[in-house]
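**Student:** no sequence on this one, just coordinates:
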């Protein structure tokens, strides 16, 4: 795969200068990955299409459902969109969250936490907080099992003063209850965003947020001398949907093969397994498109001995910039992983992250029996046209 860090170049600077300034930010919508849950609350994603009930989501198909028999909904989500603090001035912005709850009528506060290597190495730092007006008395939520939008004005908090305002930061959203203890409840949350309501940036619309990409376990595409499959289409994997390495706009998704990738960023015991239908017995080269790893992981076909790989084991080609953070460029590239003799029929490729794996992403794989020069997300057949 390759290294995700690249030097700043004049070409990248010119391309970014031509883009509109980002103002409004959709923080969470189609991906909800809980990182911290307090007081026994259970937070999970729910898919309106899977459960056959469109009312469980307000925006798109995916929402988060928070359930608790003994406490109150206190959850921090990882993988929210990146932002610059300068683009969402506290006094000129408003945070908004769609919610639906059956019994919990307490008060909620939204806290925005951020991470930036070298500045928050001890962990994410709180920078903004906003008490929600939920529509009920004294700002409480309305517990009528209907969808409502809570709104609040963010104020600087925690480490806001010491952090750089013009650098793009990885964000986390923490929903913190302010009262309403010990109420058994079920609550849904959907589309959390920061909207700039005043000032010169109030007229700049938000980029289109992430769309949900559903996996198709075991799916693949094949042509003469090649087989292609998406990393997210494994028959087994335990990597989370959200994280610091995820794309955070639809435009970034469009640079990936199927709009999504598997990512591992500090996730313990990362595992994935793919089933591949090999068309003919023979020697193949396995190519992977992704970024990282920071440390080591291991791969094997079927029950063959494990092979360990690190960043120095790859010769990346065909770089594509996915997201520029200023201090860090997230890129995706192709790299050959090695040659393997495979029999015709179904074969299994397994991956495991080792303790020092750190961060890595995998967009897709291509198994080829002929020479091939990768070009972005195009499959081999597209090169011949």
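**Tutor:** Ah, there it is. Just so you know, these numbers come straight off a predicted model, no measurement behind them.

**Student:** Quick check: can you name the pairing partners of the longest strand seen in the chain and their directions?
**Tutor:** Longest strand in the chain, counting residues (DSSP state E): strand 329-342. Strands adjacent to strand 329-342 in the sheet, as given by DSSP bridges, are strand 282-291 (antiparallel), strand 317-324 (antiparallel).

**Student:** want to throw these into a markdown table with mean neighbour count and distance to residue 199?
**Tutor:** C-beta here means a position set from N, CA and C on the backbone, and glycine is covered the same way. Formatted as a markdown table, the strands paired with strand 329-342 follow (neighbours: other CB atoms under 10 Å; distance: least, CB to CB, whole Å):
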| stretch | mean neighbour count | distance to residue 199 |
| --- | --- | --- |
| strand 282-291 | 21 | 36 |
| strand 317-324 | 18 | 24 |
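
**Student:** Compare the mean pLDDT across those and name the weakest.
**Tutor:** Among those, strand 317-324 has the lowest mean pLDDT, at a mean of 92.

**Student:** Adding distance to residue 160, write the strands paired with strand 329-342 out as JSON lines.
**Tutor:** What follows is those, written out as JSON lines (distance: least, CB to CB, whole Å):
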{"stretch": "strand 282-291", "distance to residue 160": "30"}
{"stretch": "strand 317-324", "distance to residue 160": "23"}
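
**Student:** which one of the ones you listed lies closest to residue 54?
**Tutor:** For the strands paired with strand 329-342, proximity to residue 54 was assessed by CB to CB; strand 317-324 is nearest, at 31.6 Å.

**Student:** Just list whatever residues bridge to residue 100.
**Tutor:** According to DSSP bridges, beta-bridge pairing links residue 100 with residue 188.

**Student:** I figured it hits residue 148, correct?
**Tutor:** Yes: assessed by CB atoms under 8 Å, residue 100 is found in contact with residue 148 at 7.1 Å.

**Student:** ok, these two, which is more surrounded?
**Tutor:** Each of residue 100 and residue 148 has its neighbours counted (other CB atoms under 10 Å); residue 100 has more, 23 against 17.

**Student:** which ones are touching that one?
**Tutor:** 58, 145, 146, 147, 148, 187, 188 (CB atoms under 8 Å, 6 or more residues apart in numbering).

**Student:** Identify the residues contacting the fifth one.
**Tutor:** Yep, that's residue 148 we're talking about. 98, 99, 100, 134, 135, 141, 142.

**Student:** Filter these down to the ones in strands?
**Tutor:** Those of those lying in strands (DSSP E): 98, 99, 100.

**Student:** Could you list the domains of the protein?
**Tutor:** 23-203, 221-383 (automatic domain parsing).

**Student:** can you list these in TSV and add distance to residue 213?
**Tutor:** Below are these laid out as TSV (distance: least, CB to CB, whole Å):
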stretch	distance to residue 213
domain 23-203	9
domain 221-383	4
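
**Student:** quick revisit: mark which of the contacts of residue 100 are buried, thanks.
**Tutor:** When the contacts of residue 100 are checked for burial by 16 or more other CB atoms under 10 Å, the buried set is 58, 147, 148, 187, 188.

**Student:** Make CSV from those and add distance to residue 107 and pLDDT to it.
**Tutor:** Shown next, in CSV, are these (distance: CB to CB, whole Å; pLDDT from 0 to 100):
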residue, distance to residue 107, pLDDT
58, 20, 97
147, 18, 98
148, 14, 98
187, 13, 95
188, 18, 98
